[in-house]
Structures are given as structure tokens and as C-alpha cells.
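Chemist: got a predicted structure here, sequence first:
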Amino acid sequence: MSAVVISRIVRELKAKPGALLPILHGIQEELGYVPEEAVPIIASEMNLTRAEVHGVVTFYHDFRSHPPGRHIVRICQAESCQAAGSAALTAHAKKRMGIDFHQTTADRACSLEPVYCLGNCALSPSVMVDKEVFGRVTEKRFDEILEEARQP
Amino acid sequence: MSATVFVPQDSGALSMGANAVAAAIEKEASKRGAQVQIVRNGSRGMYWLEPLVEVATPRGRTAFGSVSPRDVAGLFDSGFLEGGKHASSLGPTEEIPYFKNQERLTFARVGITDPLSLEDYIALGGYRGLTNALGMTGEQIINEVTESGLRGRGGAAFPTGIKWKTAFSAAADEKYVVCNADEGDSGTFSDRMIMEGDPFTLIEGMTIAALAIGAKQGYIYLRSEYPHAHRMLDYAIHKANFEHYLGEDIRGSGKTFHLEVRLGAGAYICGEETALLESLEGKRGMIRFRPPLPAVSGLYGKPTILNNVISLASVPIILDKGAAFYKNFGMGRSRGTLPFQISGNIKRGGLVEKAFGLTLRQLLYDFGGGSLSGRPIRAVQVGGPLGAYIPESQFDTPLDYESFAANKAMIGHGGAVAFDDTVDMAQMARFAMEFCALESCGKCTPCRIGSTRGVEVMDKIIQNRNREANLYLLRDLCDVMLNGSLCGLGGLIPYPVLSAVRHFPQDFGVKDVAALDLP
């Protein structure tokens, strides 16, 4: 199933110069992660070694090797957010969600990930849910954001 | 008559609920039968007031902030469309001191217009620079940029004109213009604001760069953490192509320039120019040896202009108003303006575009209003994760490249992150090493191994295990990283670490900092 999707994306994009990152983004956009089986497909289509493809996939923090929850919750860990209390917010989030970074809640609703800067530093601390950014996030606001994300 | 109401669509404003405010205004207007046209502008950069709603009046725009959806009915009750007062009234937007006391050149249009309206862009002086450039030779364009004194705004402050001249002089069948939009430094968001608030100015700057060196293809390497900027850029590029400001035969000149956005994938190191090029070529973001410089051998080994967003976005105004106009701002060898960004523990965080030469204290207190917590500001990190921590005793240093360098600090991309007196500087030094370990590309040993050893040494210092010996070890390690790393990541990460020890020795249990003889 996903092999079909992967092959289609690779064929669509492989003619672009420097196509590997656009291809990996394309796969992750559709499947939520880059499955192990993508590596040999990409390698053979692009005339690269599997090691080269594997090396690129694992170099970048963005690419996940396992399916995430329905939503990705990211909490900024960079300096500006630290100055505005992100460490306490992160501890609260982990406790509230019952998971650590790079884990997914038991109901598969949310995965929790660290992020280093969302460019919303003037409104630190910041949180991103999927592609939406939230600023000046207090513990209470975090709970509301999480509650909303959890709605099916 | 229809009233015009501005509700920003900048992602900072969106992060405070601007979409909900716009929807509430629309709903309330239709309920009351009021004629309202909502314009989704960029942000004025006064983030503590977001969502900042503005109403166009015969006497200029008047502001309300921060507005929440709950305030909307009250705003209509108070007759805000006709200039009525409300508890959130801020008066005329451009009279707000934070805004009024700025010198907006690069950000002249940001927050004023609908960023995706090419008509607005042109009405406010957009594409005049390109029109001039189309009538000039490559050398003339480069001379103008060189004369303006513009230096790379990404952090390294390298003279832009000289970089362009190098790429111009290199003979090749193909050349590229690449924009470094991998704005990964914490405390910086001016690139994002331009891309979301005035994307055409970046597109115009890149087109002028392409004309200067004869490049036909350009890329904007954008970090994946900026999905909203991605949408805005894609739309603006599409529109510029449609109106023949990009693509084949630009405005009937016979010149060609194609532009495409490429997404990064969460690697901080890809903000380093050679790692960025590797990534753009579809490889791991490993840095390259220099020389050769990217201007000689860059993307796919071809001469490449690689500039930061703000550098490129500053080009249109230089080509429009001339080098002398731009050069007139600033001090010493730091010419023009820099969009400073204040963030962290600060009351009025945002963007302040000023000529070089104002002091950190003015930035933090006159603009920023002091800390958000109300406690004293103890340390400020200037220039991102690789920038030094500045103590209060140096808050009066003028913000220009040379004065900061003299203090073993750097202005970098103009970000200042404030910390109040609850900060533990030993923890911040540890974090710097930890961040470097996480983001190191692994090519050179001082950075790859040094950062991991740095975390371990910091842990020992924090836990008071053989502290004195470990402080000397930390000093030597920083010396090796400073002088032995291949690029700015390993080479600059000692800045925050050493500045923390130098200016806040008590947090490290150091009694006599002079005895450490720090590099």
C-alpha cells in the first residue's frame, strides 16, 4: 500500500535537481513518516545507494521512522522560550500527556516533540500543533490547546 | 461607505488568535449590517499588542490591541469604525512611540499592506529598484550595492557587494542565487516577518541579484518550522510569475529568472551556507571545506550568490533610492539599518528597525519596557545560540558590528534574548554545548566530540565534582573548538559558554575569573 504511494511520489519529483529532500517531505506529508521500505525504492529510482538515502533520512530531525499520533505537539526548547518558562511548561506537558519527548499518547491522539525555535520569540513560550503556532502559552492554555487537538 | 479594518495574518498574530478575531469582526459586521472590508496585513512588529486591529480613518490608521474575539461586540458598540474610543484604543498606529521611534527601510511596507497584493506592493514603491536595475549593467548594480555599505545580515556581516562581485567575475555556464531563509537562531524572526509580511521585496531583491550576475535559477531555502511563510512565499512567487516579474522575459527585458522555495528539515546546521548547499543538492547537511567560496563554487559547483533574507530584502531600496541614501544611516563601518528583535523575558517584545548605534539598554528598556516578570534583567544573549551573553555592565555598548566584536560578542542576526535574575548561567552554558552536540554535522572533531565532552564537563562543574580542574578543562576545550572547528557552529559555541563564565563567574563557583585566563 505505502509502497505504491512512495513510488508515485518518487516518480513525480525525481527529475527536480536535488530531489531527495522534496521526496522525503512528500512521503512524510502523505504517510506521516518515512517508512523503512521507502529507502530501497528511492535508492533504486534515483540511482543512489541505500546507505546514501538512509544517511539523508537519519541526518534530519524532521523525518520520522515510525508513524506518529494524529497530531504533533511541539514545544520550543530554545533560549527565548527558556527565558519565558518553557522548561516548566515542558514538564507540565509531559506530565499531562503522560509521555516523554518522541513518544505518542496511548490513544494515538498526540505525539510530543521538542523544537528549536518557531520564530515566535517575542511571544515566548511557543507551542506548535501540526502547522499552527500558539504564543504566550501558559499551562492552562496548553491544556485547552491539547483538549482541542484531542477532539476526534 | 465601507470601512477598512486590518487584522494581521503574520504567524505571531495568528499565534494569539488573529483568525478568530477576523472571523468575529466579519460576523458582527454582517449581524449589524455594517460595511466592513477586512485586510489581512503583515505585523507591525509590536507583538505584545497582537492581535493588533487597525481601522483606516481620514486621519490615518488607528490601532486597537490586543483584541480578543470577546472584545469585538464592544468595539462595534463604541463605534470603532468611525473613530470611537474603546478600552483597547491605542490611538494612531504610527504615533505609538515603539513604532514612531524606528527607522523603517527594509520593513517600510511590513504591516501596512496586504502582503500578497502586488498592486499594494507597487503602489508603495515596490519594483522601482528592479525597474532601475533592468536599465543597468551587472557591474553598475554591483557597484551600487557595494557603495551602499550593505553587509550580510545573516550574522557574518560580510560585505554583500564584494560577494556579488566574486560571483560576477567567476566564469561559468550557469550561476545561482540562493536565499538563506533557515532562520534557526532563537530570538530572531525578522526573516520570517519579511517573508510573511512583504514577500515581494525578497523576490525583487533576488531578481536584482540574478540580473547582477546573470543567474537564471534561484532557490529560497526555507526552514520547515515556518509553514505560514512557506504558503505566503509560494503564493507570491506564483503571482510574480503570472505578472512577468519572474520567469521568462521579465517585464519584456528578455531576462530570465526562475525562483523556487525548498524546505529544510529541521537541521540547524543548514543555516551554515555550505551545509545549506549540500542540503539543497539533496544530501546530508554536512559543511564543506572553504575555499572555494560558494561565490566561486557553490550550488552544483557553480558560482552562487548566497545571502540572508534581510540582506536580499534590503537590495530593492538601495537600487530604488541609491547607495548614498542607504549609506547615510548607521555608524562607522556598520552602514544602514538593522532590524533588531527583542524577545525572551521582555514586556514589549518585537521588531525594532534602527540605524546601527543604539544601545542594548535603549533596546531593552526604551523599546522593550524591561522584563516581563518585572525582575531585573540579568543577562541578554545577542546574536542567537552562538552569541555571547551580555551582562548589565555592557548594556551601554552601541549596537554595531565592531563595538560588539571588541567585547568578544557579536550582533549576528540582531536578536536579543533577555533573561531575568532567576537565570542560572551555568545551565545556559550547558545548554549551549548540548545544542551544539544535537546539531553538529559531525564533520570535524572539535565540534562533534568537543560538544559532547562539553556537556559532560559542564555537568561536573554544576555538580561541583572536581570543579576547578574541570573549569580549566572547559577553558581548553573552548579554545580548541574556537580555533579548530571548520565552521561557525563549533567555532562560535564557545562564545555563549565563555561569556557566561566571564561575566557570571559566581554561577560556576568561580572566585577569581582572571586566574582562568579565558580565551
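Modeler: That came through, no problem.
Chemist: contact residues of the stretch 401-519 of chain B facing chain A?
Modeler: B:415, B:417-420, B:423, B:428, B:431, B:435, B:439 (CB under 8 Å from any CB of the partner chain). Backbone N, C-alpha and C define where each C-beta goes, glycine included.
Chemist: how about the residues of the stretch 251-400 of chain B near chain A?
Modeler: Within the stretch 251-400 of chain B, the positions adjacent to chain A are B:262-268, B:279-285, B:300, B:341-346, B:349-351, B:372, B:381, B:385 by CB under 8 Å from any CB.
Chemist: re the thing from before, could you export the residues of the stretch 401-519 of chain B next to chain A as CSV, including neighbour count, secondary structure and pLDDT?
Modeler: CSV is the format used below for these (neighbours: other CB atoms under 10 Å in any protein chain shown; DSSP: H, G, I helix; E, B strand; the rest coil; pLDDT from 0 to 100):
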residue, neighbour count, secondary structure, pLDDT
B:415, 31, strand, 95
B:417, 33, strand, 98
B:418, 29, strand, 98
B:419, 26, strand, 98
B:420, 20, strand, 98
B:423, 23, coil, 98
B:428, 23, helix, 98
B:431, 20, helix, 98
B:435, 23, helix, 97
B:439, 23, helix, 97
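Chemist: most widely separated two among these?
Modeler: Largest separation among these by CB to CB: B:420 and B:439, giving 26.6 Å.
Chemist: so which residue is dead centre in chain A?
Modeler: Centroid-nearest residue in chain A: residue A:62, 5.4 Å away (criterion: CA atoms, centre = their mean).
Chemist: just list the residues touching that residue, thanks.
Modeler: By CB atoms under 8 Å, 6 or more residues apart in numbering or on different chains, the contact list for residue A:62 reads A:25, A:28, B:224, B:264-266.
Chemist: repeat that for 6 Å
Modeler: Contacts here follow CB atoms under 6 Å, 6 or more residues apart in numbering or on different chains; on that basis residue A:62 touches B:224, B:265-266.
Chemist: can you tell me the element it falls in?
Modeler: Per DSSP states H and E: residue A:62 is located in neither a helix nor a strand.
Chemist: how close does the closest residue to residue A:35 other than its chain neighbours sit to chain B?
Modeler: Distances taken as CB to CB, 6 or more residues apart in numbering or on different chains place residue A:2 nearest to residue A:35, at 5.7 Å, with adjacent residues excluded. Distance of residue A:2 to chain B, given as CB to the nearest CB, to the nearest Å: 20 Å.
Chemist: from residue A:36, how far off is residue A:2?
Modeler: Noted for residue A:2: a distance of 10 Å to residue A:36, by CB to CB, to the nearest Å.
Chemist: ok, now which ones touch the closest residue to residue A:61 other than its chain neighbours?
Modeler: Counting by CB to CB, 6+ apart, residue B:266 is the residue found nearest to residue A:61 once chain neighbours are left out, at 3.7 Å. Residues near residue B:266 by CB under 6 Å, 6+ apart: A:60-62, B:224.
Chemist: of those residues, just say which sits nearest to residue B:51.
Modeler: residue B:224 (25.3 Å).
Chemist: returning to that earlier point: the residue nearest to the centre of chain A and residue B:331: what is the separation?
Modeler: Applying CB to CB to residue A:62 and residue B:331 gives a distance of 41 Å.
Chemist: narrow the residues of the stretch 251-400 of chain B next to chain A to those in strands?
Modeler: Of these, the ones assigned to strands by DSSP state E are B:262-263, B:341-344, B:350-351, B:381.
Chemist: save those residues as JSON lines, and put in pLDDT and neighbour count too.
Modeler: Shown next, in JSON lines, are those (pLDDT from 0 to 100; neighbours: other CB atoms under 10 Å in any protein chain shown):
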{"residue": "B:262", "pLDDT": "98", "neighbour count": "20"}
{"residue": "B:263", "pLDDT": "98", "neighbour count": "22"}
{"residue": "B:341", "pLDDT": "97", "neighbour count": "30"}
{"residue": "B:342", "pLDDT": "97", "neighbour count": "29"}
{"residue": "B:343", "pLDDT": "98", "neighbour count": "30"}
{"residue": "B:344", "pLDDT": "97", "neighbour count": "32"}
{"residue": "B:350", "pLDDT": "98", "neighbour count": "27"}
{"residue": "B:351", "pLDDT": "98", "neighbour count": "31"}
{"residue": "B:381", "pLDDT": "98", "neighbour count": "33"}
